[in-house]
Every structure is written in C-alpha cells, then in structure tokens.
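Undergrad: pasting a predicted model and its sequence here:
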Amino acid sequence: MIDVDTLSQLPSIYTAVVVCAAAIRTVASGVPSCLTSFVMTFSMELLKCGAAVASLVVIAGATFMVTMWTTSRLSDKDDAPVDWDKWLTFKDPSLRAKYGNRRVPMQSFYEDFISGRVDLKVDVRSLFEQHKNKLFRMCFTPFHIRFLLGR
C-alpha cells in the first residue's frame, strides 16, 4: 500500500535515480554513448511510470471511497421510525439520544454492542435474521474510511 510518506519521498527518490544514472554514465565511459543514453532514458521513464501509477492508485482509492459513501447514503430510502425499547436496553443514556427513533449504521451498533453499552432484549440471531433491515442501515461510515486508510 502506498502511504503519504512514500509519496512525499518521490522527489528525493527521483534525485537519487538521477545521481545514480550520472555515476553509471561516468563509470561506464567505455560503453557506447547510445547504450548509456538508452539506459538513462529507460530508468527515467520507469520513474515517471511509477509516479503515474502511484497517482492513479491515490485517485482510484479516493474515487472508490466517495462512491461508496454517496451510494450507500442514496440507496437508503427507508426513514420509518424505530422503537428501540422493544429490541434494546441502553446502558449509556447518551446512546438513547444518538439512536433516537431512526435506523443506525450497523457498524455503530455492533461497536456499541461489543463494548457493552447496549444489551439485546431478544435473541441475536432472530434479530439479525428478521429485523436487521428495519433497525439498521448498511452504509459506509467514517470508521470505514479510517480503516481503509490504515488508521
């Protein structure tokens, strides 16, 4: 995975390639100049190709995240109110305000459930088999973006 540190080092990598190519040209003074010129041109083109691939990966990744964010929000049209008291017991009162009477992202719920801030009043299996689309939203959240970017 290409990270920000690698991208910020590209100018110094480019300088190192130029210096190495100059050193090779000096050492290989006995080699015909057309071959030396070819090697230097080829190494520069490879470097440009690497920068282009890195840029393409960054642009494709950003496009993927924006697309996932918007399509997951646009495809979620059900705004029916949810009666959480029938399904959950809130141990943390601030979660009651956070959940309100609306569906919440699945990621938010399972984080709260695993950390013990929410208890289920019904069987977990039956809840997820029969009622998951009534209670939860399957959408891309900021957590997913941080996860994909490596936190």
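TA: Thanks, I have it. Numbers count the residues shown, from 1 in each chain.

Undergrad: correct me if wrong: residue 92 contacts residue 117.
TA: Yes: counting by C-beta atoms under 8 Å, residue 92 sits close enough to residue 117 to count as a contact (4.4 Å). Every C-beta, even on glycine, is put in place using the N, C-alpha and C of the backbone.

Undergrad: could you chop the protein up by domain?
TA: Under the assignment named as automatic domain parsing, the residue ranges that make up the domains of the chain are 4-74, 84-148.

Undergrad: worst average pLDDT in those?
TA: Of all the domains of the chain, mean pLDDT reaches its minimum on domain 4-74 (a mean of 68).

Undergrad: so which residues of the chain form strands?
TA: Taking DSSP state E to define them, one finds strands in the chain at 88-90, 104-105, 118-120, 136-137.

Undergrad: paired strands for the last one, with orientation please.
TA: Same thing as strand 136-137. Sheet pairing here is set by DSSP bridges, and for strand 136-137 it gives strand 104-105 (parallel).
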